[in-house]
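Asker: Sequence first, then the predicted structure, then my questions.
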Amino acid sequence: MIDEGRRTQALRGPGAGGFTPPQSLAASNPCLNCGTNIQLEYCPECGQGEIDPDPTLREMLHELAEELLHWDGKLVATYRVLLTRPGVLTKEYLAGRRVRYVSPIRVYLVCSVLYFLLVALIPQRTVVDTAGRTFTGGFIQITNATPAELRALDAEAQNGPLLQRLWFTHLARALRTPERVIGAATSAIPKAMFVLVPAFAALLGFAYRSRRRHFPQHLAFALHVHAMLFLSLIAMLAARFMTMPLVSAAYQLAVQLAFSVYLVRATRAVYGSSTGETVARLTLASALYFVAFILAVAVLFVFSVMTA
């Protein structure tokens, strides 16, 4: 047994990889994972760092930040390239230069989680229309139905084919408790967006089928593009604090135009097409993607109504 303050570790042989010869396994500083002697900061056998088995709270928080955000310089370098050099991050990834940057899937997840977290935290503006109905800003809206409208839905639920009766029964129930439907649909949006990423990659593969690239290459670009999309949506959240509707609309339009320019430049950099060709191919892919997005929202709404 080895006792170093708080560390107590039974001596073991070489690690599973077998890279370290037995004669080098001194008992001075064994790795807590495989027992190999650690001469520097990391185990030469399994790669685990020299750690204390009884961590402090600060060490646990540092480990959490490192695991989730990879705070070793990669995150800052990755997002600097993503923001300032459209398409270069994807080109670096496809060229095999991956150690210096965060992986595309992690870039996407960090941006999406940050966006939906901020959406939940930043208060939304409430607007009252001429009929006295209140609308709270959000992706999916269900207005409060009047008693007459609910009676009409109940009547429809008693007549017609089975599917029609089922739909109007659930719709009337949903309109009586719109908060449940909005909550269910809103919570499902991140999952739908995650499914739409490979859909966009497939559409890019279709639009650029003459390039004969494999699907994972399109997927890497789609992940980076959607990460930038979420960053643009985060920037648009600032409009919630703007009291003048005209200023808010102009600001959101400017962010949308900036993202459109970014998308064209990034696509040109990755696929090597001219500006005209890029715009034409992106228009085709974006139109099909918009249809897929609307269908996804419709499916989410129907599912939320039927399960309310």
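Answerer: That came through fine. Residues are numbered from 1 along each chain as shown.
Asker: and this structure, what are its domains?
Answerer: Domain assignment of the chain by automatic domain parsing yields the ranges 1-54, 104-124+179-306.
Asker: Now tell me which of those the model trusts least on average.
Answerer: With a mean of 56, domain 1-54 has the lowest mean pLDDT of those.
Asker: What about R209, how many residues nearby?
Answerer: When counting by other CB atoms under 10 Å, one arrives at 10 neighbours for R209. (Glycine included, C-beta is placed from N, CA and C.)
Asker: repeat for F230
Answerer: The number of residues packed near F230 is 21, by other CB under 10 Å.
Asker: Okay, buried residues for the longest helix along the chain please.
Answerer: In the chain, taking DSSP state H as the definition, the longest helix is helix 275-306. Using 16 or more other CB atoms under 10 Å as the test for burial, helix 275-306 gives 278-279, 281-282, 285-286, 288-289, 292-293, 296-297, 300-301, 304-305.
Asker: Equivalent analysis for stretch 237-251, please.
Answerer: Using 16+ other CB under 10 Å as the test for burial, stretch 237-251 gives 237, 239, 248, 251.
Asker: For the second one, which non-adjacent residue is spatially closest?
Answerer: It stands for A239. Distances taken as CB to CB, 6 or more residues apart in numbering put S248 closest to A239, at 4.4 Å, once the chain neighbours are dropped.
Asker: for the last one, same thing?
Answerer: Among residues not flanking Y251 along the chain, A239 sits closest, at 5.5 Å (CB to CB, 6+ apart).
Asker: Likewise for L83?
Answerer: L231 (7.3 Å).
Asker: how about that neighbour, secondary structure?
Answerer: At L231 the chain is in helix, as set by DSSP: H, G, I helix; E, B strand; the rest coil.
Asker: okay but it is in contact with Y108, surely?
Answerer: No - if you go by CB atoms under 8 Å, L231 and Y108 don't touch, sitting 10.8 Å apart.
Asker: re earlier: ok, the residue nearest to L83 to L82 distance?
Answerer: The gap separating L231 from L82 is 8 Å, by CB to CB, to the nearest Å.
Asker: swap in Y115?
Answerer: Going from Y115 to L82 by CB to CB gives 14 Å.
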